[in-house]
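Visitor: How does the following fold in three dimensions:
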Amino acid sequence: MRSGHKFWTMLRPIRTVLLLLCVLGLGAACAGAQSNPPAATRAAAPPSLIVLVTVDQLRGDYLDRFGPQLHGGLARLARGGAWFANAHHDHAITETAPGHATLLSGRFPRSTGIMANRIGVEDPAAPLIGAPGGLGASPHRFQGTTLVDWLRAKDSRTRTLSVSMKDRGAILPVGRSRTDVYWYFGDGRFTTSKYYRDTLPEWVTRFNARRLPQSFAGKSWTPLLPDSAYKEPDSVSVEMSGSGFTFPHRMPDDSAQAASAVRATPWMDEITLSFALDGLRALSLGDSPRTDVLAVSLSATDYVGHGYGPESKEMHDNILRLDRNLGVFFDSLFKLRDSSRIAIALSADHGVGTIPELAARTVSPAPVRIDALALAARLRGLVAAAGIDTNLVYLDQQVVLADRNALKSRQAGLDSVLAAFAAQVRALPGISRVDRFQDLLRGDTINDPIVRRWIHQFPAQGNVQLVVTLTPYSIFSGIVATHGSPYDYDTHVPIMFYGPWFRPGKYSEFVRTVDIAPTLAAIAGVKPSERVDGVVLRRALK
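Guide: Got it, this is the predicted structure:
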């Protein structure tokens, strides 16, 4: 769908959004984010290291669901930290790129410029190092600042390392900062792009030479615990589209193939965490009075969730292994650095919905799979029949975009096309609502989270004309299970803080992922350099 990029690039957030926030009932939230941190927080020494752990597709209910079997890193944070159990991404397109961009910026997608995966980090002008043929990547679409910039404004010596299996998972948490950012290339190496540097540093080359991903060739992913510990059946044929959906899951014998296949196993997180620790040592993160940042995004849960679904035995085992892997990581981290000077935050970029065919047993109306290409063809037919250039109106999955400037003289015709398309789509199975985006700006943002989340997704003035909301658990495309909706099962994620700055406990109030950055800024003794959408979560602070 790259042909839609030109429409996305026409979207420009309004930098002065105070009036809009007041309309949304969020003016006080912005003011709160700018106010001084509590006196107790101001008096405490800032951390020498802030660690952000993002678990891709970590649904908010997993910690309760698997809690009794968790004894590692997740358990440490849940039982010894401040755990916000009713935390959400308060925007509509719950995908990897928009979600990651909120975490250290404190801002919704409408102002970060990262409004969908399709307009995330792909950048041919920033080719990968040592990976010919790989897609270039950079944060060139990201707008504004992040916690990293706020810390550097206080102390230019602040160091940052951000790592992930995914390019967008590594790049977007730290925004436009030209710092140490690395992600996994499918052939078994971590790399970066020319946006950040011209050659890989020696420590990355040394790690790649260990060939850890290739070492899993011929090994099998088997359940960590006895079968009696799992309630989920291992015989659900809709998983993995009916192929290879039962344990054990054996890696290819060929080492090159194994380096690619390992991405869909818990071992990928183990590799990523090992790489992060090597980088921490090489860059001397957290070994001085300044505040450094380590951002680690773990992607295996997302791959497992897409292939097997959130109710699978594989997901259950993956979360158990994630817990153990994080436990080893935290233990290693605390051996390398003083634990009393480390602040840890853990969250996710989005949740995930039940596989539609499984959800259909209990959900009404029954979820369906929507053919986005068929919807696009329907729109093109209406546009052509109205005598409008079909290159100027475009359906990008759940969003209709139009070149407003080019169609100024055809506004009446465009409105007629949009009304006809909306009426046709509303009548289809799996469609909950189709809204004119400008109408949503006048909607009920207090009692209607769908309206609020769509408003948080896009700037008020842009090329978004219509937004399509599917019925619960209906999805686009043929992927087994996915995310991307404004419903709570996709927006609900955990937020946990750990360290001496935080008051341990489980908190039930509604909070947003945009609250993470201002809260971390408060304990670090810095302020956002621009207005943010999040607030300091004061209740969690000592």
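
Visitor: what's next to the helix or strand hosting Ala412, contact-wise?
Guide: Using DSSP states H and E, Ala412 falls within helix 411-426. Helix 411-426 has contacts (CB atoms under 8 Å, 6 or more residues apart in numbering) with 375, 378-379, 382-383, 386-388, 393, 400, 402, 407, 431, 433-434, 436, 465-466, 468. No exception for glycine: its C-beta is placed from N, CA and C like everyone else's.

Visitor: and those, which are buried?
Guide: 375, 378-379, 382-383, 386, 388, 393, 400, 402, 407, 431, 434, 436, 465-466, 468 (16 or more other CB atoms under 10 Å).

Visitor: hang on, the earlier thing: tell me which of the contacts of helix 411-426 fall in helices.
Guide: Leu375, Arg378, Leu379, Leu382, Val383 (DSSP state H).

Visitor: Just send these back as CSV, with distance to Ala345 and pLDDT too.
Guide: Listed next are the ones in helices among the contacts of helix 411-426 as CSV, based on distance: CB to CB, whole Å; pLDDT from 0 to 100:
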residue, distance to Ala345, pLDDT
Leu375, 38, 96
Arg378, 44, 97
Leu379, 41, 98
Leu382, 47, 98
Val383, 46, 98
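
Visitor: quick one: low-confidence parts of this protein?
Guide: 1-43 (pLDDT under 70).

Visitor: And the longest helix anywhere in it, how far out from the chain middle?
Guide: For the chain, the helix with the greatest residue count under DSSP H is helix 313-336. Its chain's C-alpha centre and that of helix 313-336 lie 20 Å apart, by CA atoms, centre = their mean, to the nearest Å.

Visitor: Kindly point out the strands partnered with the helix or strand following that helix and how each is oriented relative to it.
Guide: Counting by DSSP H and E, the next helix or strand C-terminal to helix 313-336 is strand 342-347. Taking DSSP bridges as the criterion, strand 342-347 forms sheet pairs with strand 49-55 (parallel), strand 492-498 (antiparallel).

Visitor: Run the angle between the last one and helix 313-336 for me.
Guide: Per axes from the mean of the first three to the mean of the last three CA atoms, to 10 degrees, the angle that strand 492-498 makes with helix 313-336 is 20 degrees.

Visitor: Report the contact partners of the closest residue in space to Ala75 that isn't next to it in sequence.
Guide: If the residues on either side of it in the chain are set aside, Ala75 comes closest to Asp323, at 6.3 Å by CB to CB, 6 or more residues apart in numbering. Contacts of Asp323 were listed using CB under 8 Å, 6+ apart, and they are Phe66, Leu70, His71, Gly72, Gly73, Leu74, Ala75.

Visitor: ok, now Ala97?
Guide: Contacts for Ala97 (CB under 8 Å, 6+ apart) come out as Ile114, Ala116, Asn117, Ile119, Gly120, Val121, Arg168, Leu172.

Visitor: The second one touches Gln398, doesn't it?
Guide: I take that to be Ala116. No: Ala116 is not in contact with Gln398 according to CB atoms under 8 Å; the separation is 9.1 Å.

Visitor: what's the overlap in contacts for these two?
Guide: Joint contacts of Ala116 and Gln398 (CB under 8 Å, 6+ apart) are Ile93.

Visitor: From Ile495, how far out is the spatially most central residue of the chain?
Guide: The geometric centre of the chain, computed from its C-alpha atoms, lies nearest to Asp349 (CA atoms, centre = their mean), at 2.5 Å. From Asp349 across to Ile495, the span is 12 Å (CB to CB, to the nearest Å).

Visitor: just to revisit the earlier point, and the residue nearest to Ala75, how far is that from Ser332?
Guide: For Asp323, the distance to Ser332 - CB to CB - is 15 Å.
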